[in-house]
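In: sequence isn't available, so here's the structure alone:
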């Protein structure tokens with residue numbers, strides 16, 4: 001806490017709660033609750049930057065408006081990881097993960113609709129039935145990129161239309177499992193994160209069509 005006092009203004013206990021309800025055949029139900037300390041949550045005053053120092057891992061988040069870019073995030077993460085190692089003494093790192101949550105605003109056409117395929121390459125496909133079109137969708141996908149062995153969970157979903165646009169969430173998280181010999185090597189951790197970053201950038205750029213990329217220019 002002393003080492004992070006200049007980074008975060010709020011510190012909270014991070015606990016896990018487990019409740020068990022049992023109903024014996026001839027007795028009243030019994031309820032047992034257990035609270036297990038998991039670590040600490042550090043937050044900035046505006047909530048734009050959060051770090052979870054937990055017994056099973058380190059999770060760091062930046063939200064819109066506070067995200068300084070990947071290179072700057074890694075600098076912070078490397079410092080946090082040294083503190084994590086000092087106080088939590090992990091046996092090793094099983095895997096690293098990188099997640100991006102994007103908010104896309106797709107413009108509706110003059111008829112109040114749009115063709116998702118004009119903007120995205122990762123969309124569900126309709127059966128060839130006349131008059132059938134999407135009113136919205138929510139899609140989950142599990143992808144794997146070989147030979148790197150990168151697993152990616154993708155969630156895309158439409159929200160309610162607003163101001164002649166259709167907002168969409170494009171949320172994807174990529175994982176890379178470390179081999180046994182690398183699980184205690186800091187250099188291997190940062191290399192794995194760089195590999196994930198390069199993959200996430202490629203996946204983002206290739207999933208959005210040129211017309212969608214033009215919305216950001």
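Out: Alright, I've got the coordinates. Just so it is clear, the structure is predicted and the values come from calculations on it, not from any experiment.
In: okay, CA-based contacts and neighbour counts for the rest of this
Out: Will do.
In: in a strand, that's where residue 201 is, yeah?
Out: No. Under DSSP: H, G, I helix; E, B strand; the rest coil, residue 201 sits outside any strand and is assigned helix.
In: and it, what pLDDT?
Out: Model confidence at residue 201, expressed as pLDDT, equals 96.
In: burial measure for it, as a count.
Out: The burial metric for residue 201, expressed as a neighbour count using other CA atoms under 10 Å, is 12.
In: over to residue 145?
Out: Taking other CA under 10 Å as the criterion, the count of residues near residue 145 is 11.
In: hang on, it packs against residue 151?
Out: Yes. Using CA atoms under 8 Å, residue 145 is in contact with residue 151, at 6.5 Å.
In: sketch out the low-pLDDT regions of the chain for me.
Out: Applying pLDDT under 70 to the predicted model, the residue ranges of the chain that meet it are 217.
In: quick one: the strands in it, in order.
Out: Using DSSP state E, the strands of the chain run over 10-22, 30-43, 49-54, 57-62, 95-107, 138-145, 150-158, 165-177.
In: could you dump the ones you listed to CSV with distance to residue 208?
Out: Supplementary listing: the strands of the chain in CSV, determined by distance: least, CA to CA, whole Å:
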stretch, distance to residue 208
strand 10-22, 37
strand 30-43, 32
strand 49-54, 27
strand 57-62, 23
strand 95-107, 10
strand 138-145, 16
strand 150-158, 12
strand 165-177, 10
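In: mind checking which of the ones you listed is nearest residue 210?
Out: Nearest of the strands of the chain to residue 210, taken as CA to CA: strand 95-107 at 13.0 Å.
In: and that closest one, which strands flank it?
Out: Strand pairing for strand 95-107, using DSSP bridges, gives strand 165-177 (antiparallel).
In: residues contacting the strand it pairs with, please?
Out: Among residues not part of strand 165-177, those counted as contacts by CA atoms under 8 Å, 6 or more residues apart in numbering are 94-108, 149-161, 192, 196, 200.
In: likewise stretch 101-121?
Out: Residues outside stretch 101-121 that contact it (CA under 8 Å, 6+ apart) are 123, 164-172, 206-212.
In: tell me the domain ranges of the chain?
Out: Domain assignment for the chain, taken from automatic domain parsing, gives 1-90, 93-217.
In: residue nearest the middle of the protein, spatially speaking?
Out: Within the chain, the residue whose C-alpha comes closest to the C-alpha centroid is residue 99; the distance, by CA atoms, centre = their mean, is 3.4 Å.
In: distance check, that residue against residue 173.
Out: 4 Å (CA to CA, to the nearest Å).
In: again with residue 19
Out: Using CA to CA, one gets 30 Å for the distance from residue 19 to residue 173.
In: more neighbours: which of those two?
Out: Between residue 19 and residue 173, residue 173 has the larger neighbour count (other CA under 10 Å), namely 17 against 9.
In: ok, what's across the strand from that one?
Out: According to DSSP bridges, the partner residues bridging residue 173 are residue 99, residue 153.
In: contact partners for the nearest residue to residue 21 once chain neighbours are set aside?
Out: Leaving aside its chain neighbours, residue 21 sits nearest to residue 31 (4.6 Å; criterion: CA to CA, 6 or more residues apart in numbering). When the contact criterion is CA under 8 Å, 6+ apart, the partners of residue 31 are 19-22.
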